[in-house]
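[1] Take this sequence and fold it.
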Amino acid sequence: MTISFKRRTMIAATGLFTLAASLSVGAVSYADDPEFLNIGGGPSGGTFNVVATGLGDLMRTAFPDSIIGVQPGGSGPNLLRVSSGEADLGITSASNAADAWIGNDPATPDAPIQNVRGLMTFFPSAIQIWVDANSDIQSIDDLIGKQISAGQPGQTSWNAFTNLLNVHGMTIENLEANGGKLHHLSWKESQEGLRNGQLDAVMWVALYPHSTVLATETAREIRVLSLDEAKVDKYLAEHGSGFEKVTLPVGLYQGQTETATSVGTKTFLFASNQMSDEIAYKVTSTIWNNLGKFQQTHALLQYISPETAGRGMLAPIHPGAAKFYSEQNIPMDEPALK
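    Take a look at the predicted model:
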């Protein structure tokens, strides 16, 4: 299934995250509403935060007797919080979930997270290496001697970048030859550095197109590096749990005049296996029955469809969500994580 996102639509829709209080919810009898329903989102102003805020508005209508909260977080932190009971719902990526499941995430080596259950796939993300459209950087090898950010050690993007270097037979020390530097920067610092020209390249596992990068293009046109096909195959074979080969289209960013090959994953909503089937059913059905309204939260949510909602999560689908999908004849993947 091919999903097309227009740049203007993407920019305009990103800020529309407050939903009307009159959203419809099916008149079905459920167990009592939980006292609290906390949602793990992302950093303030980021896509996860915007989507979680819109989801919170939707849940306040579905669970009028519950206190609905939206917490800052991210793919990794949300897994930790939902697993430990500090949050009830979270947004994460299939690659993060796969690493945490086997204890391969830096935060989970001694306590693999296997008590999470998928509810619905929201949108895709991919490894992206952004450079100025006019840069002479065309490949991973061209990053030697450059000023680069790939997040901070231990983060998902940092780990993905070091794995990417590994399949190219390179190390951080190689990059930092001839005056190069892999800086330990936050997302905001990285984007500011790319925007003002202090950084030559920024690598992140991120949504596409990403609204912050679109904003960066008010200062300079951006393109994404295309990864070597053989190296992508090697990455997937050695480090690709939760990833798949993807093609990033022409026009994704202003400077994107050719398609780019990369590896991508799916971003999905999840809960703990301790959530009751009734609550999981109600969360899933509420989103689906108000999908048009929910998709106004962020343009990337246009990706949700009968063909995508139950696929790509890797984690087992929660029985409550599976019951709803079965009723609606929505296809579901068998869990890849067991």
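[2] could you list every residue that touches W187?
    W187 makes contact with 43, 46, 151, 204, 212, according to C-beta atoms under 8 Å, 6 or more residues apart in numbering. Every residue, glycine included, has its C-beta placed from N, CA and C.
[3] try F161
    Neighbours of F161 in contact, by C-beta under 8 Å, 6+ apart: 127, 150-151, 203.
[4] And those, which is closest to R81?
    G151 (19.7 Å; C-beta to C-beta).
[5] so who does the closest one touch?
    G151 touches 157-158, 161, 184-187, 190, 203-204, counting by C-beta under 8 Å, 6+ apart.
[6] Kindly write the ChimeraX command that selects the buried subset of those residues.
    The following ChimeraX line selects those of the contacts of G151 that are buried, judged by 16 or more other C-beta atoms under 10 Å:
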select :157,158,161,185,187,190,203,204
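[7] What is the most widely separated pair among the contacts of G151?
    Taking C-beta to C-beta as the measure, these have their most distant pair in F161 and S186, spaced 15.0 Å apart.
[8] So which residues of this protein form strands?
    With DSSP state E as the criterion, the chain has strands at 36-40, 67-71, 89-93, 116-132, 147-149, 181-183, 201-207, 222-224, 244-248, 260-272.
[9] most neighbours per residue, which of those?
    strand 89-93 (a mean of 29; mean count of other C-beta atoms under 10 Å).
[10] Using PDB, list the CA coordinates for it.
    Output in PDB follows, covering the C-alpha atoms of strand 89-93 (Å, rounded to 0.1, in the frame of the first residue of the first chain):
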ATOM      1  CA  LEU A  89      -0.700   3.200  27.000                       C
ATOM      2  CA  GLY A  90       2.400   4.100  25.100                       C
ATOM      3  CA  ILE A  91       3.700   4.800  21.600                       C
ATOM      4  CA  THR A  92       6.900   3.000  20.500                       C
ATOM      5  CA  SER A  93       8.500   1.500  17.400                       C
END
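[11] Can you list the strands that that strand pairs with?
    strand 36-40 (parallel), strand 260-272 (antiparallel) (DSSP bridges).
[12] So what angle separates the directions of the shortest one and strand 67-71?
    With axes from the mean of the first three to the mean of the last three C-alpha atoms, to 10 degrees as the criterion, the two stretches strand 36-40 and strand 67-71 enclose an angle of 20 degrees.
[13] Check the last one too.
    With the same axes, to 10 degrees as the basis, strand 260-272 and strand 67-71 are set at 150 degrees to each other.
[14] State the mean pLDDT of strand 260-272.
    On average, the pLDDT along strand 260-272 is 96.
[15] that older thread, TSV for the strands paired with strand 89-93, including distance to A219?
    Shown next, in TSV, are the strands paired with strand 89-93 (distance: least, C-beta to C-beta, whole Å):
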stretch	distance to A219
strand 36-40	32
strand 260-272	21
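[16] With respect to P64, which of these lies nearest?
    Of all these, strand 36-40 comes closest under C-beta to C-beta, at 11.2 Å.
[17] What lies in contact with the closest one?
    Residues outside strand 36-40 that contact it (C-beta under 8 Å, 6+ apart): 52, 55-56, 59, 63, 66-71, 73, 77-78, 81-82, 86-91.
[18] please redo it, this time with the cut-off set to 10 Å
    Strand 36-40 is touched from outside by 48, 51-53, 55-56, 59-60, 62-63, 66-75, 77-82, 85-92, 269-271, 275, 279, 283, with contacts defined as C-beta atoms under 10 Å, 6 or more residues apart in numbering.
[19] For it, output the C-alpha coordinates as CSV.
    Presented in CSV, the C-alpha positions along strand 36-40 are these (Å, rounded to 0.1, in the frame of the first residue of the first chain):
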residue,chain,number,x,y,z
PHE,A,36,-6.5,6.6,35.7
LEU,A,37,-5.4,6.1,32.1
ASN,A,38,-1.9,7.5,31.5
ILE,A,39,-0.5,7.8,28.0
GLY,A,40,3.2,7.8,27.2
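[20] re the thing from before, switch the strands of the chain over to a markdown table; also include distance to L175.
    Formatted as a markdown table, those follow (distance: least, C-beta to C-beta, whole Å):
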| stretch | distance to L175 |
| --- | --- |
| strand 36-40 | 33 |
| strand 67-71 | 35 |
| strand 89-93 | 25 |
| strand 116-132 | 12 |
| strand 147-149 | 7 |
| strand 181-183 | 6 |
| strand 201-207 | 10 |
| strand 222-224 | 18 |
| strand 244-248 | 23 |
| strand 260-272 | 19 |
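[21] Nearest to A309, out of those?
    Between the strands of the chain, strand 116-132 lies closest to A309; by C-beta to C-beta that is 5.2 Å.
[22] quick one, the closest one and strand 89-93 angle?
    50 degrees.
[23] hang on, the earlier thing: among the contacts of G151, find me the one that's closest to I137.
    Nearest to I137 among the contacts of G151, with distances taken as C-beta to C-beta, is M203, at 11.4 Å.
[24] Give me the below-cutoff pLDDT ranges for the protein.
    1-31 (pLDDT under 70).
[25] returning to what we had before: between the contacts of G151, which is closest to A133?
    A133 lies nearest to M203 out of the contacts of G151, by C-beta to C-beta, at 16.5 Å.
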